[in-house]
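Peer 1: heads up, no residue letters with this:
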């Protein structure tokens with residue numbers, strides 16, 4: 001007499017095969033994050049900063065001012081930061097208004113700097129232009145300083161980006177794949193048929209999560225390994241801890257995907273709810289830039305988001321070489337979200 005297979009095992013294998021047979025799903029899980037990392041890595045590769053465009057004008061009909069403007073262009077061209085260009089007065093003001101230049105220098109007596117102080121590049125251009133013109137006029141620095149340029153692994157944008165992309169990918173694939181898979185099964189009446197089988201609700205929901213986790217290691221190898229091969233992005237901490245962190249994050253977002261799909265009847269509804277859940281985390285959780293840039297008043301909300309906590313833990317392991325105790329708090333936040341979402345999904349899930 002043959003032994004009966006475990007419902008959980010059979011459902012997990014079924015979910016894994018279903019995923020493999022979807023080329024578009026394989027692309028979004030493995031190829032897309034790698035392509036995004038490569039594109040952004042080359043865009044923000046190690047190179048000198050781009051020169052800031054600066055305009056120089058002089059009042060029409062004033063020969064002395066126009067000669068001073070020509071000398072100013074030559075002086076500013078000696079700065080490695082600035083890219084000066086001579087304009088007529090009206091043309092220069094229009095270039096500043098439309099953002100073609102970051103600073104407009106009007107060679108009057110005294111010279112006038114026109115710039116938008118809310119733009120960081122404009123403030124930098126103003127300081128650099130003032131320094132160059134002052135030195136050309138004979139100013140000497142009372143204090144001599146020595147600058148040392150530092151470029152280390154962990155301080156580059158690509159080092160910051162790869163953990164964020166890994167967290168974003170874990171969120172996107174966990175929520176999208178499960179929300180759509182369960183909703184699609186409900187639409188095709190597959191869930192209705194499964195009710196008649198010797199299977200518990202928890203078996204079905206756990207199989208969805210386990211089927212997704214089976215692709216976690218290849219996903220990590222593609223993104224983390226690609227970052228190491230192409231951009232020398234190192235993992236300073238424990239690979240085992242990094243894997244465990246990814247595993248916890250994947251399970252949490254799978255639980256969120258199950259919660260979204262627990263009552264939704266249409267693919268449009270699942271898509272809308274998934275976007276509603278993920279959009280705040282895309283914007284606030286520090287995938288492409290630090291979440292510390294947001295005002296202090298919203299920081300408690302930002303730090304409570306599961307993707308923020310996951311990205312913090314991933315960057316702690318990869319960039320800072322943090323230990324388990326050092327990332328215990330963000331991991332606890334991620335775990336709390338996962339337990340809560342799965343428990344609620346198990347409670348309110350319906351087959352039809």
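Peer 2: Sure thing, it's come through. Everything numeric in this text was worked out from a predicted model, so none of it was measured.

Peer 1: Now the most centrally placed residue in the chain: which helix or strand?
Peer 2: Centrality entry for the chain: nearest residue to the mean C-alpha point is residue 287, 2.2 Å, by Cα atoms, centre = their mean. Residue 287 belongs to no helix or strand when assigned by DSSP states H and E.

Peer 1: Phi and psi next, for the residue nearest to it when sequence neighbours are not counted.
Peer 2: The spatially closest residue to residue 287, leaving aside those adjacent along the chain, is residue 164, at 4.1 Å (Cβ to Cβ, 6 or more residues apart in numbering). Quick note: C-beta positions are derived from backbone N, CA and C, even for glycine. The phi and psi values for residue 164, taken as degrees, to the nearest 10, are phi -70, psi -40.

Peer 1: give me the number of residues near residue 164?
Peer 2: For residue 164, the tally of surrounding residues (other Cβ atoms under 10 Å) stands at 22.

Peer 1: swap in residue 71?
Peer 2: 14.

Peer 1: Neighbours of the closest residue in space to it that isn't next to it in sequence, how many?
Peer 2: If you skip the residues right next to it in sequence, residue 71 has residue 136 as its closest partner in space, 7.9 Å away by Cβ to Cβ, 6+ apart. For residue 136, the number of neighbouring residues by other Cβ under 10 Å comes to 14.

Peer 1: thought residue 129 was touching residue 76?
Peer 2: Yes. If you go by Cβ atoms under 8 Å, residue 129 and residue 76 touch, sitting 6.0 Å apart.

Peer 1: Find the least confident helix or strand in the protein, judged by mean pLDDT.
Peer 2: With mean pLDDT, DSSP states H and E as the measure, the helix or strand of the chain carrying the lowest mean pLDDT is helix 23-26 (a mean of 69).

Peer 1: following that helix, which helix or strand shows up next?
Peer 2: Assignment by DSSP H and E places the next element after helix 23-26 at helix 32-43.

Peer 1: now what about that following helix, what contacts it?
Peer 2: The contact list for helix 32-43 (Cβ atoms under 8 Å, 6 or more residues apart in numbering) reads 157-158, 161-162, 165-166, 168-169, 222-223, 226-227, 230-231, 288.

Peer 1: quick one: low-confidence ranges for the stretch 51-200 of the chain?
Peer 2: Confidence mapping of the stretch 51-200 of the chain against pLDDT under 70 gives the ranges 61, 149-155, 196.

Peer 1: how about the helices in it?
Peer 2: Shown for the stretch 51-200 of the chain, the helices assigned by DSSP state H, counting those that start in this stretch span residues 63-77, 89-97, 120-136, 157-187, 190-194.

Peer 1: how close does residue 193 sit to residue 200?
Peer 2: Between residue 193 and residue 200 the distance is 16 Å, computed by Cβ to Cβ, to the nearest Å.

Peer 1: And for residue 123?
Peer 2: In this structure, residue 123 and residue 200 are 62 Å apart, going by Cβ to Cβ.

Peer 1: Verify the stated contact: residue 236 with residue 321.
Peer 2: Yes. Counting by Cβ under 8 Å, residue 321 is a contact partner of residue 236 at 3.6 Å.

Peer 1: circling back to that earlier point, pick out whichever of residue 123 and residue 200 has more residues nearby.
Peer 2: More neighbours surround residue 123 than the other of residue 123 and residue 200, with 15 against 12 (other Cβ under 10 Å).

Peer 1: Could you chop the chain up by domain?
Peer 2: The record's domain parsing of the chain by automatic domain parsing lists 7-44+153-348, 52-136.

Peer 1: nearest to residue 147, of these?
Peer 2: Nearest to residue 147 among the domains of the chain is domain 52-136; the distance by Cβ to Cβ comes to 12.3 Å.

Peer 1: Any idea how far that closest one is from the middle of the chain?
Peer 2: 35 Å (Cα atoms, centre = their mean, to the nearest Å).

Peer 1: And what about residue 251, helix, strand or coil?
Peer 2: Three states are possible here, and by DSSP: H, G, I helix; E, B strand; the rest coil the one that applies to residue 251 is helix.

Peer 1: What about the nearest residue to it once chain neighbours are set aside, how many residues nearby?
Peer 2: Once flanking residues are discounted, residue 251 sits nearest to residue 338: 5.3 Å by Cβ to Cβ, 6+ apart. By other Cβ under 10 Å, the residues close to residue 338 number 22.

Peer 1: Packing partners of the helix or strand encompassing residue 300?
Peer 2: Taking DSSP H and E as the definition, one finds residue 300 inside helix 299-304. Of the remaining helices and strands, none touches helix 299-304 by 3 or more Cβ pairs under 8 Å, 6 or more residues apart in numbering; DSSP states H and E.

Peer 1: Hmm, residue 248 and the residue nearest to residue 251 touching each other?
Peer 2: Yes. Using Cβ under 8 Å, residue 338 and residue 248 qualify as a contacting pair, with a distance of 7.0 Å.

Peer 1: Wait, residue 337 touches residue 307, no?
Peer 2: No. At 9.5 Å, residue 337 and residue 307 do not qualify as touching, with contact defined as Cβ under 8 Å.
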